[in-house]
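Student: after the sequence you'll find the predicted model.
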Amino acid sequence: MVRKHSIALFAAWAPAIAFAAEPNGTAIEYFNSIIGHYFVTADPAEAGFIDGGGAGPGWSRTGGSFNVFRNASDAPGLSPVCRFYGTPGIGPNSHFYTSEPGECELVKTDRGWSYEGTAFYVTRVNGTACSAGNTPLYRSYNNGYLRNDSNHRFTTDASLYAKSPAFGYQAEGVVMCSPLSVADNAADAVRLLRQGSFGPTPAETARVASMGAPAWVDQQLAMASTRYPDYPYVAANRPTACVDDRAQPIRADSFCARDNYTLYPMQLQFFRNAVAAPDQLRQRVAFALSQLMVTSGVDNSRNYAMARYQQMLADRAFGNYYDLLQAVTLSPMMGDYLDMANNNKASATARTKPNENYAREVMQLFSLGTYVLEQDGSKRLDASGRTLFTYDQATVEGFAAVFTGWTYATIAGATERNNNPRNYLGEMRAVDATHEFASKVLLGGTPSAPGLTMQQDLAGAHRNIFEHPNVGPFIGRHLIRMLVTSDPSASYVARISAVFANTAEMIRGDLRAVVRAVLLDPEARGRKQDPAFGKLTEPVLYLTGIARALGASTDGVYLRSQSATLGQSLFYSPSVFNYFPAGYVVPGTGLPGPEFGLLNSATAIARANVANTLVYTTAIAPDANLFGAIGTRLDLSRYQALATDAATLTDQLDRDLLAGTMGGAMRNAIVTAVNAVAASDTLGRARAAIYLVVTSAQYQVQR
């Protein structure tokens, strides 16, 4: 048996910004369905031989490949990769590769393996990582030694590698480093911007490719938050005089009801920020948090209230989770939505008990989940194989008592009450008279100390939640799912949980570090072969992605209306469980795909119709009922300039929008469709190609 490597299972992902030389070879992966073996070759003649059936039946390309060098002199510091084949009659019907000189010499002494020479050249692993300009190449093993059926698989896809046990292979670690091409670097820039922004633009893609993913993420983490306008306070109930005046020409104050008692203004501002604001990562993470700690315009559509809540999420997106939890709890928007505001202590006379709504949801949806989790996100089981619950009814009642005594801030000029009327300016106010000061049962049966101040009682309850082991995997998995992939591996979740815990530096809950780790994890970066990797782009991101890619200027009106058409009315979540269920499984697959909960025959057709309107109209007229409206306008000049050559146009769209993942069949179909349009109609040709790309499954599923 070939000796296993002791190299760490996952190497740190290095920024691809230093290229010693462009790789000039490609190792192609094959799988034989008859013998169940994988094989790679970097020899074009051998690949052609296999493709032509010369190697026998059962062989087909998997779609996997990695870059190599053909000669030792192609770049500095290259090492030869030794190739072995099982000795006929003695060894397995399989090949083995290693770049480690010691391992190569060792295998040469094994009579079960025959040395076939140098297969290609790469750089070796430096400790546990690959140098800049390279990506880790992982090796897994099928444990076939005892049956003389050893086979190894090599891949640069960390997501696929993490799932090695699922297809019967044992992870052996990083064994060599595959060189990245300039195209690989640009492709991963597109991939990062789909994960960490509201969509790539050509200019931002070039900037990320130049500076590297870590530098871009760090720059984004350092940016201050773009602000929503300071929408004014309005009375809880709309005055009869506050109506919409549609008389033309309209004024800034023509639409009193719409602009104060619906979320229309801040919805427009959200889309303007998403398309053009510089703090893309902060805004994207805030949007992800808004789908965890949900409030909804269905219940409270006062514009100034929602705007302050969403601004709070953006301001705290890169802070500490404990502070975020505290701010969410004391937010009057949340207090109203989940009934914590004016939640009074139990009264025997009135036969009332504290409201349990917020107490239950803060644990189930905002921090812990229903079941006790391992750090990799899997459910912990007891000795009988049963799941364990994170809390019980006594815990809910304990937290409900903690959350008593808080009311809205007193409206300027009004008299303070124990239960103030609705007011969404500032945090909620503590009222001792309505708070329960007795001891409460918290998580794990922990009793709180009696007689604490309200602030101490609340802080202790938050600390009790914050320190629960579930919080790391629960929050980490949510951010991975919202930013990167719907079906993260257990090891991916575990690594993010470890960052959240940060026991080494004793800084638990640092969301800045968590977000950075989510985006720079080996499973998030690089070309993907794992068919389960990625996520369906939800309607809001689908629209902003097209707008940013095609140089849009917008007032947000069209994007707002069409997000609702596609099933996601921004900030009007139908329930506290978000726009789509977190546990939704893609029908017929068994794969998690929460966003697919919004996709049906009607919304699928609507996506194509919206794309058609955007691409073929190019300029959506300003709405006459919006003061200062500019409409939505796209700039297709980048692609129109290439449209005389259908192949060049298609390849550029592949690089800009699909990170170079367009398959040959799709490319041929688009080229054919473009060539069906008159060569003189460059705008029509550009539109045809763009439309086919943005309506494709390859674009709509972020990979």
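Tutor: Happy to help now that I have it. A quick note: this is a predicted structure, and the numbers were derived from the prediction, not measured. Residues are numbered from 1 along each chain as shown.

Student: shaky segments in the stretch 601-703 of the chain?
Tutor: Applying pLDDT under 70 to the stretch 601-703 of the chain flags no residue at all.

Student: which residues of it fall in helices?
Tutor: In the stretch 601-703 of the chain, the helices defined using DSSP state H, counting those that start in this stretch lie at 601-617, 637-640, 646-658, 664-675, 682-694, 697-700.

Student: any idea which of those gets closest to residue 36?
Tutor: helix 664-675 (26.7 Å; C-beta to C-beta). Backbone N, C-alpha and C define where each C-beta goes, glycine included.

Student: thinking again about what came up before, turn the helices of the stretch 601-703 of the chain into a markdown table, including mean neighbour count and distance to residue 305.
Tutor: Shown next, in a markdown table, are those (neighbours: other C-beta atoms under 10 Å; distance: least, C-beta to C-beta, whole Å):
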| stretch | mean neighbour count | distance to residue 305 |
| --- | --- | --- |
| helix 601-617 | 16 | 29 |
| helix 637-640 | 18 | 41 |
| helix 646-658 | 20 | 37 |
| helix 664-675 | 15 | 46 |
| helix 682-694 | 22 | 35 |
| helix 697-700 | 16 | 33 |
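
Student: residue 265 is nearest to which of those?
Tutor: Closest among these, using C-beta to C-beta: helix 601-617, at 22.3 Å.

Student: can I have that closest one written out in CSV, keeping just the CAs?
Tutor: Extracted in CSV, the C-alpha atoms of helix 601-617 (Å, rounded to 0.1, in the frame of the first residue of the first chain):
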residue,chain,number,x,y,z
SER,A,601,-43.2,27.4,-12.8
ALA,A,602,-44.6,31.0,-12.4
THR,A,603,-41.5,32.6,-10.9
ALA,A,604,-39.2,30.7,-13.2
ILE,A,605,-41.0,32.2,-16.2
ALA,A,606,-41.1,35.5,-14.5
ARG,A,607,-37.2,35.5,-14.2
ALA,A,608,-37.0,35.1,-18.0
ASN,A,609,-39.5,37.8,-18.6
VAL,A,610,-37.7,40.2,-16.3
ALA,A,611,-34.4,39.5,-17.9
ASN,A,612,-36.0,40.0,-21.3
THR,A,613,-37.3,43.4,-20.2
LEU,A,614,-34.0,44.5,-18.8
VAL,A,615,-31.8,43.4,-21.7
TYR,A,616,-34.1,44.2,-24.6
THR,A,617,-35.5,47.5,-23.2
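
Student: nearest residue to residue 650 other than its sequence neighbours?
Tutor: Nearest residue to residue 650 in three dimensions, chain neighbours excluded: residue 670, at 4.8 Å (C-beta to C-beta, 6 or more residues apart in numbering).

Student: quick check: end-to-end length of stretch 493-509?
Tutor: End-to-end distance for stretch 493-509: 15 Å, by C-alpha to C-alpha, to the nearest Å.

Student: quick one: that stretch to chain centroid distance?
Tutor: Averaging C-alpha positions (C-alpha atoms, centre = their mean, to the nearest Å) puts stretch 493-509 19 Å from its chain's average.

Student: give me the number of residues near residue 406?
Tutor: If you count neighbours by other C-beta atoms under 10 Å, residue 406 ends up with 24.

Student: pretty sure residue 72 contacts residue 123?
Tutor: No - under the criterion of C-beta atoms under 8 Å, residue 72 makes no contact with residue 123, lying 11.6 Å away.

Student: need the overlap of contacts for those two.
Tutor: residue 78 (C-beta atoms under 8 Å, 6 or more residues apart in numbering).
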